[in-house]
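Engineer: sequence first, predicted model second:
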Amino acid sequence: MTVPLISETYEQWYHCITVICRQPLTPEYIAARIEALNSPNNDMTKKFVELYGEAQRIKTLQWFERAKSTL
C-alpha cells in the first residue's frame with residue numbers, strides 16, 4: 001500500500017498525527033493548531049500554505065475541528 005506524502009483523508013491525517021508522529025491529540029494541542037491555522041499572519045501557517053496550499057490548510061483545519069468534536 002502506498003501512503004501519500006500529504007494526507008488526503010481524515011483517517012490518513014489522524015494516523016499520521018497519532019501513530020507516525022506520535023502526537024497526542026489533546027484539547028490543548030488541537031486548540032493551538034486551530035488558532036494557528038485560522039491566523040493568516042502566523043509564520044507557521046504562512047509556511048504551511050506556501051508548502052501545501054490553501055486548500056490543504058482548510059482541509060487540515062476541518063480535520064482538527066473534527067478531532068476536537070470527538071474528544
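Structural biologist: Structure's in. What do you need? Residues are numbered from 1 along each chain as shown.
Engineer: from here on, just use CA atoms for contacts and neighbour counts.
Structural biologist: Will do.
Engineer: what residue lies at the spatial centre of the chain?
Structural biologist: Central residue of the chain (CA atoms, centre = their mean): residue 60, 3.9 Å from the mean position.
Engineer: same question for the host helix or strand of residue 32, mean pLDDT?
Structural biologist: Element membership of residue 32 [criterion: DSSP states H and E] is helix 27-37. This predicted structure assigns helix 27-37 an average pLDDT of 98.
Engineer: okay, now residue 11: neighbour count?
Structural biologist: Each residue near residue 11 was counted by other CA atoms under 10 Å, and the total is 11.
Engineer: same check, this time on the one 3 residues further on
Structural biologist: Applying the criterion other CA under 10 Å, we find 18 residues in the vicinity of residue 14.
Engineer: what pLDDT does it get?
Structural biologist: Taken from the predicted model, the pLDDT recorded for residue 14 is 97.
Engineer: just the element for it, please.
Structural biologist: When elements are defined using DSSP H and E, residue 14 is found to belong to helix 10-15.
Engineer: chain center to that helix, what's the gap?
Structural biologist: Relative to its chain's centre, helix 10-15 lies at 9 Å (CA atoms, centre = their mean, to the nearest Å).
Engineer: ok, and what's touching that helix?
Structural biologist: Taking contacts as CA atoms under 8 Å, 6 or more residues apart in numbering, the residues outside helix 10-15 that touch it are 7, 63.
Engineer: and that helix, C-alpha only, in CSV?
Structural biologist: Included here for helix 10-15 are C-alpha records, laid out as CSV according to Å, rounded to 0.1, in the frame of the first residue of the first chain:
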residue,chain,number,x,y,z
TYR,A,10,-9.2,12.4,7.9
GLU,A,11,-8.2,8.8,8.5
GLN,A,12,-4.8,9.2,6.8
TRP,A,13,-4.3,12.5,8.7
TYR,A,14,-5.3,11.0,12.1
HIS,A,15,-2.9,8.0,11.5
